[in-house]
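A.B. asks: here is a sequence with its predicted model. Questions after.
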Amino acid sequence: MTAWPPARLGAVLLMAAVVHLGGAAVAQAQLGALVSPGRLHKTHASLEGVTNCLQCHSQGQQVAAAKCLTCHQPIATRIAAKKGVHRAVTTDCVTCHVEHAGADAELRPFDQQAFDHGRDAAYPLTGLHAKVAANCAACHKTRSFLTAQTGCASCHSDPHKGSLGAQCSACHSTAVAFAAATKGFDHSKAKFPLAGAHGKVGCESCHKNKQYKGVAFASCNSCHADPHKSKLGTGCASCHTETAWRTTKVDHARTAFPLRGKHASVECAKCHVKPAAVVKPRSDTCAACHTDPHRAIFKQDCGSCHTESSFRKGTFDHGATKFALADKHAGLACVACHKTARPAANDFRGLKTSCDSCHTDVHRGELGLSCEKCHSARTFAVPTFSHANPRPFFAGQHAKLTCAECHVSTMQPARTAASVPALRVGYATTPTACVSCHKDVHLGQLKATCETCHTVEPPKFAVAAFPHAGTRFPLTGKHVPLACEKCHKVETGAFPAGPGTARRLTGVGTTCVSCHEDIHRGQLDQACQSCHSSDTFALPRYTHKNARGLREFFTGRHATETCANCHKPLPGTAAGAKPVSAYKVPTTCTTCHTDVHRGALGAACETCHKP
C-alpha cells in the first residue's frame, strides 16, 4: 500500500474529523473556505464551494477561456465576429478578469471616462449624447453593457405615438435638443418642400396640434383663403409665386392682350393704373398706351412698322420707296438717316437719296459726286481700284501699293464730324514722276529719268542689266560678269545734288590702275592693255618688244631661259609680301654672270663667249 504524503494525510484526517463532528454540509462549507483563495464576486456567488470548482477550473490547470465563454455566450459571439472591446482578444479571460478578489471586487477593469464608444461599441456618442459618455449607467440600466439597444425608443418616449415611424433620425439629430428639432428640420425630404415665403412660416402655422402627418397641401386653398372667390379658378400659381404672396405675374396669354416681346418685361402697374378687376385698360391700338412720336404723319397703326420685340427698330419695307436699303444700309436704325426735324418727332419724308446728303464728301468735290463709281453700300472702303491710264505704271511693285501710299495729303484739313475720317488727299493731282514718291539715291549724278535704268517689275526696282556698251567703258572679257558695286563704290562727299552718301556712278576712272593695283611698281607705263587683256589678265608667253634689236642676245641659252632667271626681285620687298620683279634689266653679261677673269679681259664678254 502506497504511503500518503504528510500534508495530504493531514488534510484527509482533518476532513474526516469535521465530517464526524458536524455533518457533511457544514464540513463541505468549512473545507471550501480553507481551499478557496478568496470569495467569488457576488455575480458568481452561486459557484461558491469546493463542489463547484470544476465549473470554471480544469483539473490541474487554471481557468480556461472556453469554460468562461460557455456561460458568457454574447462575449463569445463578439470575439468570433471581432467586434467591440473583445475584437482583438488572444489571451485567456483571467488575464483581465481576476476572480476570488471579494464579492464587490471589480471584474471589468477599464476606464469608463476614456472609453471610445464609437470605436469599441460601434455607436458614437455625438452631440447631446456626448454629455453622458462618462456616465455609463445613464443608458446601461443593467449590469451588462450588451443589453442596451441603439433605437431612440429604447431611451426616449415617442411623442408622436408611432405616427411618424420608428426612424427618429429622419427629423431629429443629436446636435440639438429633441424639442428644438423643428428648427433644423430639412423639409426638402418631405413631400412638400418649403420654398420662398413658405420657408419663413412657423411649423405650427401648418402643423396644428403638432400634426406632422396627413396635412393637406394638394392646392393653395388647403391653407390659404381665396380672395378671388373662385372667379379665377384654383390655379393660383399662374399669377402668384412662393417668393411673395402678392401678385408678381399674370398668365396674360389667357387674356385678350397676350404679352409678347418688350411688353412681357413691363411692370403691371405701368398699364394697370387701377386694379384689373376694377378697370380694364384698352388694348385695341398702340396709341392707347404709347405717345405717337410722328405727330400723326402716318395714318396706319404703329404695328405696321414697329414690333413688340423692339420699339426702336421698325419693320418698315423700305423696298417700296425710291431708296431700297441694301448691304450696310439695311442694318441702320431709322433715326440714323431720318433726323429729328421737330422736338420729339422724326421726319420720314422728303429725304434726298444722293450719297452727300448723308455722307461727308471727304474728297471735297475733287472726284465729283458720283460716289458709286468707287464705293458701294456693301463696303464703303475701296477694296480695289483700276486706274484707267497709264497701265504700265501700275504693274509690278506698284500693283501692291495702297492708295494712301501714293495719294498723300495735298489739301488743307477740313472740319468733319467726329465719326467721319478726315481723308484729305489730292487724287486727281497726284504726279507720276518717280521723284514725287522716291528719293534720288544717286544725288543728281544722272540726268536721265529713272525709267532709263529701272523698271517697276523687279523687287526694290533693282537694275537687272545696265547697258554699259553705251558708256565710255564698255565691259568686255572678265569685266562683264562683275557686279556694279565692284567698280562703283559707295562714297560720302560732294555730289551734284549736294553733299551726302551715294554710290559713285559718274567720274569713275577708266584706267586699269583705277581699280587694279600696279604690281610693277611704276616700272612700266600705265597702258596695261599693251601686255594684258580683259579676257585673261595672266600672260601665257611674253614677247620682248626690243627682241629685234637684241637678236644676238636672245639666242642660244638666252632664248630658253625663264623670265625669273633674268628679272630678279626688286630689293625692299616687305616681309611676307609677294616679290615684285625688276623688268628694266641691263643686257651686259656681268649683270647676271660672274666675271671669272676679274676684269682682266675687259667687259665685252661676247668677244669670246656665245650664249
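C.D. replies: Nice, thanks for sending it over.
A.B. asks: got any ranges where the stretch 51-200 of the chain has weak pLDDT?
C.D. replies: Applying pLDDT under 70 to the stretch 51-200 of the chain flags the ranges 184.
A.B. asks: where do the helices sit along it?
C.D. replies: Listed in chain order, the helices of the stretch 51-200 of the chain (DSSP state H, counting those that start in this stretch) span 53-56, 65-71, 73-80, 117-121.
A.B. asks: to His198, which of those lies closest?
C.D. replies: helix 117-121 (37.5 Å; C-beta to C-beta). Yep, even glycine has a C-beta here, placed from its N, CA and C like the rest.
A.B. asks: what's that closest one in contact with?
C.D. replies: Outside of helix 117-121, the residues within contact range by C-beta atoms under 8 Å, 6 or more residues apart in numbering are 84-85, 123-125, 133, 145.
A.B. asks: buried subset of those, written for ChimeraX?
C.D. replies: Buried residues within those, by 16 or more other C-beta atoms under 10 Å, are selected in ChimeraX with:
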select :84,85,125,133,145
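A.B. asks: tell me which element Thr501 is part of?
C.D. replies: Assessed by DSSP states H and E, Thr501 sits inside strand 498-503.
A.B. asks: could you say what helices and strands that strand packs with?
C.D. replies: On a contact count with 3 or more C-beta pairs under 8 Å, 6 or more residues apart in numbering; DSSP states H and E, strand 498-503 meets strand 490-495.
A.B. asks: in its sheet, which strands sit next to the strand it packs on, and in what direction?
C.D. replies: strand 498-503 (antiparallel) (DSSP bridges).
A.B. asks: tell me the helix or strand right after the partner strand.
C.D. replies: Using DSSP H and E, the helix or strand that follows strand 498-503 in sequence is helix 557-560.
A.B. asks: after that following helix comes which helix or strand?
C.D. replies: Next along from helix 557-560, by DSSP H and E: helix 563-566.
A.B. asks: pLDDT averaged over that following helix - what is it?
C.D. replies: Helix 563-566 shows an average pLDDT of 85 in the prediction.
A.B. asks: equivalent analysis for stretch 503-514, please.
C.D. replies: In this model, stretch 503-514 carries a mean pLDDT of 89.
A.B. asks: start to end distance for it?
C.D. replies: Start-to-end span of stretch 503-514 (C-alpha to C-alpha, to the nearest Å) is 16 Å.
A.B. asks: residues making contact with that stretch?
C.D. replies: Residues from elsewhere that reach stretch 503-514, judged by C-beta under 8 Å, 6+ apart: 441-442, 445-446, 472-473, 484-485, 487-491, 515, 526, 528-529, 532.
A.B. asks: which of those residues are buried?
C.D. replies: Of those, these count as buried by 16+ other C-beta under 10 Å: 442, 445, 487, 528.
A.B. asks: count of neighbours near Leu475?
C.D. replies: If you count neighbours by other C-beta atoms under 10 Å, Leu475 ends up with 16.
A.B. asks: that should have said Val335, apologies.
C.D. replies: Using other C-beta under 10 Å, Val335 has 11 neighbouring residues.
A.B. asks: need the phi and psi values for Pro159.
C.D. replies: phi -70, psi -10 (degrees, to the nearest 10).
A.B. asks: please name the nearest non-neighbouring residue to it.
C.D. replies: Nearest residue to Pro159, sequence neighbours excluded (C-beta to C-beta, 6 or more residues apart in numbering): Lys210, at 7.7 Å.
A.B. asks: residues of stretch 189-199 that come out buried?
C.D. replies: Buried, per 16+ other C-beta under 10 Å, within stretch 189-199: 194, 198.
A.B. asks: again with stretch 558-569
C.D. replies: In terms of neighbour count (16+ other C-beta under 10 Å), stretch 558-569 has its buried residues at His558.
A.B. asks: what residues does it touch?
C.D. replies: Contacts for stretch 558-569 (C-beta under 8 Å, 6+ apart): 542, 579-583, 585, 592, 611.
A.B. asks: same thing but at 10 Å, please
C.D. replies: By C-beta atoms under 10 Å, 6 or more residues apart in numbering, the residues outside stretch 558-569 that reach it are 523, 539, 541-542, 544, 547, 550, 552-554, 557, 578-585, 587, 591-592, 610-611.
A.B. asks: same thing with stretch 586-593?
C.D. replies: The set of residues external to stretch 586-593 that reach it, using C-beta under 10 Å, 6+ apart, is 546, 550, 552-554, 558, 561, 565-566, 568, 585, 595, 599, 603-606, 609, 611.
A.B. asks: please pick the buried ones from the residues you listed.
C.D. replies: 553-554, 558, 605, 611.
A.B. asks: now pLDDT and distance to Gly319 too, for the residues you listed, in TSV please.
C.D. replies: Output for those, formatted as TSV (pLDDT from 0 to 100; distance: C-beta to C-beta, whole Å):
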residue	pLDDT	distance to Gly319
Phe553	86	112
Phe554	86	109
His558	88	111
Cys605	90	122
Pro611	84	115
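A.B. asks: quick one: which two of the residues you listed are the most distant?
C.D. replies: Using C-beta to C-beta, these span at most 16.0 Å, a distance reached by Phe554 and Cys605.
A.B. asks: didn't His359 look like it was pressed against Lys352?
C.D. replies: No. The pair His359 and Lys352 does not pass the contact test of C-beta atoms under 10 Å, sitting 11.4 Å apart.
A.B. asks: which one's more surrounded, these two?
C.D. replies: Taking His359 and Lys352 together and counting by other C-beta under 10 Å, His359 has the greater number of neighbours (12 against 9).
A.B. asks: how near is that one to Thr126?
C.D. replies: 80 Å (C-beta to C-beta, to the nearest Å).
A.B. asks: again with Leu601
C.D. replies: Going from Leu601 to Thr126 by C-beta to C-beta gives 145 Å.
A.B. asks: need the strands for this protein, in chain order.
C.D. replies: With DSSP state E applied, the chain shows strands at 340-342, 345-346, 490-495, 498-503, listed in chain order.
A.B. asks: domains for this structure, by residue range?
C.D. replies: 6-143, 236-287 (automatic domain parsing).
A.B. asks: would JSON lines of these with distance to Ala177 be doable?
C.D. replies: Converted to JSON lines, the domains of the chain look like this (distance: least, C-beta to C-beta, whole Å):
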{"stretch": "domain 6-143", "distance to Ala177": "7"}
{"stretch": "domain 236-287", "distance to Ala177": "30"}
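A.B. asks: just give me the neighbour total for the nearest residue to Cys93 once chain neighbours are set aside.
C.D. replies: Leaving aside its sequence neighbours, Cys93 sits nearest to Cys68 (C-beta to C-beta, 6+ apart; 4.3 Å). Summarising burial for Cys68: neighbours were counted as other C-beta under 10 Å, giving 17.
A.B. asks: ok, Cys68 - contacts?
C.D. replies: Shown in contact with Cys68 (C-beta under 10 Å, 6+ apart): 56, 75-76, 92-94, 97, 99.
A.B. asks: hmm, back to that, Throw the contacts of helix 117-121 into JSON lines and include distance to Leu47, thanks.
C.D. replies: Shown next, in JSON lines, are those (distance: C-beta to C-beta, whole Å):
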{"residue": "Gly84", "distance to Leu47": "25"}
{"residue": "Val85", "distance to Leu47": "24"}
{"residue": "Tyr123", "distance to Leu47": "32"}
{"residue": "Pro124", "distance to Leu47": "37"}
{"residue": "Leu125", "distance to Leu47": "35"}
{"residue": "Ala133", "distance to Leu47": "34"}
{"residue": "Phe145", "distance to Leu47": "22"}
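A.B. asks: among the contacts of helix 117-121, which one lies nearest to Phe298?
C.D. replies: Pro124 (80.6 Å).
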